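Asker: Just a sequence and a predicted model for now, questions to come.
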Amino acid sequence: MSNHPIIISGGGPVGLVAALSLAEKGLDVVILESSPEIPTDLRAGTFHPPTVEMLDTLSIGQELLNMGIKVPEWQIRDRKQGLVAQFDLNLIADETPYPFRLHCEQHKLSHLAFKALQKYPNARVMFGHTCSSYTQDEDGVTVQAESANGDTVELRGSYLLGCDGVRSIVRKTADIEFEGFTWPERFLVFATTFDLKKHGFTGNAYIADPDEWAAIFVQPHDGPPGIYRIAFPIKPEQDEAEVLSDDYVQSRIQGFLSPDQTYEIPYRSVYRVHQRVAQSFRKGRIALAGDAAHVNNPLGGMGLNSGIHDAINLADKLARIVLDGAPEALLDQYDRQRRLTNIEYVQAITIRNKKMLEERDPQIRAERLQEMRDTAADPEKHRAFLMNSSMINSVRRAAQID
Ligand SMILES: Cc1cc2nc3c(=O)[nH]c(=O)nc-3n(C[C@H](O)[C@H](O)[C@H](O)COP(=O)(O)OP(=O)(O)OC[C@H]3O[C@@H](n4cnc5c(N)ncnc54)[C@H](O)[C@@H]3O)c2cc1C
């Protein structure tokens, strides 16, 4: 067994989950995280059944389950016609012990994982340390990090995991292409305390409209009914300060619900969305996971989920290599399993979801929505659809790849 720890660049949810999984298996691990503390801005907040299953293999699983809101039913709606189709994860209760989407902000998962890591003497989280460069050789990696006060720290590790998000320095230094594209429109995300359940919404809904399509996710917030996060597209030419103004945000939600009311909007942000996958998830002793390896639009809530699937897969393989002397070729299998299924499922499904919601041609739009109605009405098709949208099929497919 190597005496050097596994170094992780990036203490976002994926880096922290990878670290916890490694630490709980008895491996030494060090996280370098640029920020002085865990960021608490609202980002991803949906955990699909296989992700809940994986997190429940860690010590934090039950606590996360207790914190979140269980959302067994979700909808596809049309902005003008209302409900188009409702899907019910209870239909696949024979396939998973968790037949629901668990809604909980990603920073709550990060905090839980960080708190759990503090119990392990073999785990260290170095906040305020930015991984700036590294080299690798036959026996390990040498990593330089800049501290918040400008000092350079050098660490020796057995492996380096790039969990450092979309602009990953680990990926860039390894000269790994980030293949794909960036959508021209950005997403405006805001949260309202208004109870959408009163308007017939389930805790998760996708609303089709050529201009004003939207995605809605309920999140825990000071007890029931929770807080509803709504994502809308904004045009490339729109000014960020304007779309974040009270007037603009109110006009978007008033156009969506009732124009006669002013809504409480405790949170708002704008972000850019990409569909990209790294050309390889492994290069020698470095491996990429989470947004460093792949990014996608949030329609289907798959980005963070697939990052956690990476983290758990990678931690299992590293434990077998470091503790049991298994061959390093397992890291190539990690690349094949996680990269291929990201392309086949996560990229394909999220692009298809976006195209369905924003379709401009009235006939194609009507056909696609009818297909959704027919799928929900037929128990076999409904089940098959849920197996893909819940990510169960993507995880099972990955497990079959040698
Ligand atoms: C504004 C915004 C809103 C989003 N909203 C949604 C949403 O509504 N739904 C959805 O599904 N997804 C959303 N996402 C995407 C989702 O948040 C990501 O998929 C998820 O955060 C991925 O986790 P991660 O740990 O891989 O990366 P991140 O969460 O990006 O974590 C990476 C971490 O690495 C740190 N870091 C970066 N570089 C270095 C370095 N060189 N050295 C050390 N540390 C470093 C960063 O500080 C950060 O903490 C959103 C993303 C953003 C940016």
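Answerer: Okay, I see it.

Asker: What distance do you get for the residue lying closest to Gly200 once chain neighbours are set aside to the ligand?
Answerer: Among residues not flanking Gly200 along the chain, Leu83 sits closest, at 6.6 Å (CB to CB, 6 or more residues apart in numbering). C-beta here means a position set from N, CA and C on the backbone, and glycine is covered the same way. Distance from Leu83 to the ligand, counting by CB to the nearest ligand atom, to the nearest Å: 23 Å.

Asker: what secondary structure does Leu83 sit in?
Answerer: Secondary structure of Leu83, reduced to three states by DSSP: H, G, I helix; E, B strand; the rest coil: strand.

Asker: quick one: pLDDT of it?
Answerer: Leu83 carries a pLDDT value of 95.

Asker: Asp260 now?
Answerer: On the pLDDT scale, Asp260 is placed at 86.

Asker: Repeat that for Pro224.
Answerer: pLDDT for Pro224: 65.

Asker: re the thing from before, wouldn't the residue nearest to Gly200 be in contact with Glu73 here?
Answerer: No - if you go by CB atoms under 8 Å, Leu83 and Glu73 don't touch, sitting 11.2 Å apart.

Asker: Skip ahead from the lowest-mean-pLDDT helix or strand in the chain and say which helix or strand is next.
Answerer: When the helices and strands of the chain are compared on mean pLDDT, DSSP states H and E, helix 246-256 comes out lowest with a mean of 88. As assigned by DSSP states H and E, the chain's next helix or strand after helix 246-256 is strand 267-278.

Asker: buried residues in that next one?
Answerer: Arg268, Val273, His274, Gln275, Arg276, Val277, Ala278 (16 or more other CB atoms under 10 Å).

Asker: of all the residues you listed, which comes closest to the ligand?
Answerer: Proximity of the buried residues of strand 267-278 to the ligand (CB to the nearest ligand atom) peaks at Val273, which lies at 8.3 Å.

Asker: Find the residue closest to Leu340 in space, skipping its chain neighbours.
Answerer: In this structure, Leu340 finds its nearest non-sequential neighbour in Ile401, 6.3 Å apart by CB to CB, 6+ apart.

Asker: where's that neighbour relative to the ligand, distance?
Answerer: 22 Å.

Asker: What are the neighbouring residues in contact with that residue?
Answerer: Shown in contact with Ile401 (CB atoms under 8 Å, 6 or more residues apart in numbering): Gln333, Arg336, Gln337, Leu340, Thr341.

Asker: And the residues you listed, which is closest to the ligand?
Answerer: Closest to the ligand out of the contacts of Ile401 is Thr341 (15.9 Å), distances taken as CB to the nearest ligand atom.

Asker: Neighbours of that closest one, how many?
Answerer: 25 (other CB atoms under 10 Å).

Asker: Also within reach of the ligand: list those from the buried residues of strand 267-278.
Answerer: Subset of these in contact with the ligand: empty, counting by CB under 6 Å from any ligand atom.

Asker: These into TSV, with extra columns for pLDDT?
Answerer: Formatted as TSV, those follow (pLDDT from 0 to 100):
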residue	pLDDT
Arg268	92
Val273	94
His274	97
Gln275	98
Arg276	98
Val277	98
Ala278	98
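
Asker: want to throw the residues you listed into JSON lines with distance to Gly200?
Answerer: Formatted as JSON lines, those follow (distance: CB to CB, whole Å):
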{"residue": "Arg268", "distance to Gly200": "25"}
{"residue": "Val273", "distance to Gly200": "28"}
{"residue": "His274", "distance to Gly200": "33"}
{"residue": "Gln275", "distance to Gly200": "32"}
{"residue": "Arg276", "distance to Gly200": "36"}
{"residue": "Val277", "distance to Gly200": "37"}
{"residue": "Ala278", "distance to Gly200": "41"}
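
Asker: now, among the residues you listed, which is nearest to Val170?
Answerer: Taking CB to CB as the measure, Val170 sits nearest to Ala278 out of the buried residues of strand 267-278, at 10.1 Å.

Asker: Now do the closest one against Thr341, distance only.
Answerer: For Ala278, the distance to Thr341 equals 14 Å [CB to CB, to the nearest Å].

Asker: what does Lys197 give?
Answerer: For Lys197 relative to Thr341 (CB to CB), the value is 34 Å.

Asker: What of Phe181?
Answerer: With distances taken as CB to CB, Phe181 is found 20 Å from Thr341.

Asker: Contacts only, for the closest residue to the ligand within the stretch 301-402 of the chain.
Answerer: Residue nearest to the ligand within the stretch 301-402 of the chain: Gly303 (3.6 Å; CB to the nearest ligand atom). Listed by CB under 8 Å, 6+ apart, the contact partners of Gly303 are Ala44, Asp291, His294, Val295, Asn296, Val346, Thr350.

Asker: Longest strand of this protein, counting residues only.
Answerer: strand 178-192 (DSSP state E).

Asker: List the buried residues of the helix or strand that contains Gln370.
Answerer: According to DSSP H and E, Gln370 maps onto helix 362-377. In terms of neighbour count (16+ other CB under 10 Å), helix 362-377 has its buried residues at Arg365, Arg368, Leu369, Met372, Thr375, Ala376.

Asker: Go ahead and confirm the first one touches Glu359.
Answerer: Yes - under the criterion of CB under 8 Å, Arg365 lies in contact with Glu359, with a separation of 4.3 Å.

Asker: All set now, cheers.
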